[in-house]
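# sequence unavailable; structure follows:
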C-alpha cells in the first residue's frame, strides 16, 4: 500500500481489461454497486485528441450505506458514491481508493461519517481479495 495520506494503492498483475473485469466482480461479490463509470482515457482522447494509458473511474456505493448517510446529513451525498480509479500500464494495473478523513468528511456528523468509513472498508476488503496492497509485505524499519 502506498499511502499519500488519503490514497491507498493496490497492484494487480493483470492487463487493464482483465483487471477491470476482476475489480467489478470483486466489488459486486462484496455487496457493492457501480452506478456509473467514467472512461478517462476515452474522454481525453475524444475531447483533446491525446493518448493516455487506460484509466477508468468506477463510482462505487452501497445503497443502504448511502441511505444511512444522507438521512443524517444530505451533504454526505457529495462523498457517495466513492471513486475507485483503475489504471493500467502494460501487464499491471493500479487501483487507487481514497481514504475518508478530509476536511469535508470531518465537517459531517459522526452519523454521516460512519457510513462513508464503512463503504471505504468494504471497497478495500473487496480489493484485497484480488490485488496486493502496495507495501503490505514490507517489514517496518527498526
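Ah, there it is. Predicted model, so just to flag it, every value in this text is computed and none were measured.

# in stretch 128-136, what's buried?
Neighbour-count burial for stretch 128-136 flags 130-131, 133-134 (criterion: 16 or more other C-beta atoms under 10 Å). In short, each C-beta sits where N, CA and C put it, glycine included.

# scratch that, stretch 75-87
76, 79-82, 84-87.

# do the same with stretch 108-125
108, 112-116, 118-120, 122-124.

# list the contacts of that stretch.
Contacting residues not belonging to stretch 108-125 are listed as 8, 27, 30-32, 60-62, 65-66, 68-70, 72-73, 75-76, 79-80, 82, 84, 97-100, 105-106 [C-beta atoms under 8 Å, 6 or more residues apart in numbering].

# and residue 12, how many neighbours?
Per other C-beta atoms under 10 Å, the neighbour tally for residue 12 reads 22.

# so who does it touch?
19, 22-23, 92-95, 130-132.

# which among these end up buried?
19, 22-23, 93-95, 130-131.

# which stretches in this structure count as strands?
7-12, 33-39, 55-61, 82-89, 92-98, 132-133 (DSSP state E).

# and the second one, what does it pack onto?
This points to strand 33-39. helix 16-29, strand 55-61 (3 or more C-beta pairs under 8 Å, 6 or more residues apart in numbering; DSSP states H and E).

# and the longest one, average pLDDT?
I take that to be helix 16-29. Mean per-residue pLDDT for helix 16-29: 97.

# what lies in contact with it?
12, 14, 33-34, 53-54, 56, 58, 60, 84, 86-88, 93, 95, 123, 126-127, 129-131.

# tell me which residues of it are tucked away?
Neighbour-count burial for helix 16-29 [16+ other C-beta under 10 Å]: 16, 19-20, 22-24, 26-27.

# same check, this time on the last one
Across strand 55-61, burial judged by 16+ other C-beta under 10 Å covers 55-58, 60-61.
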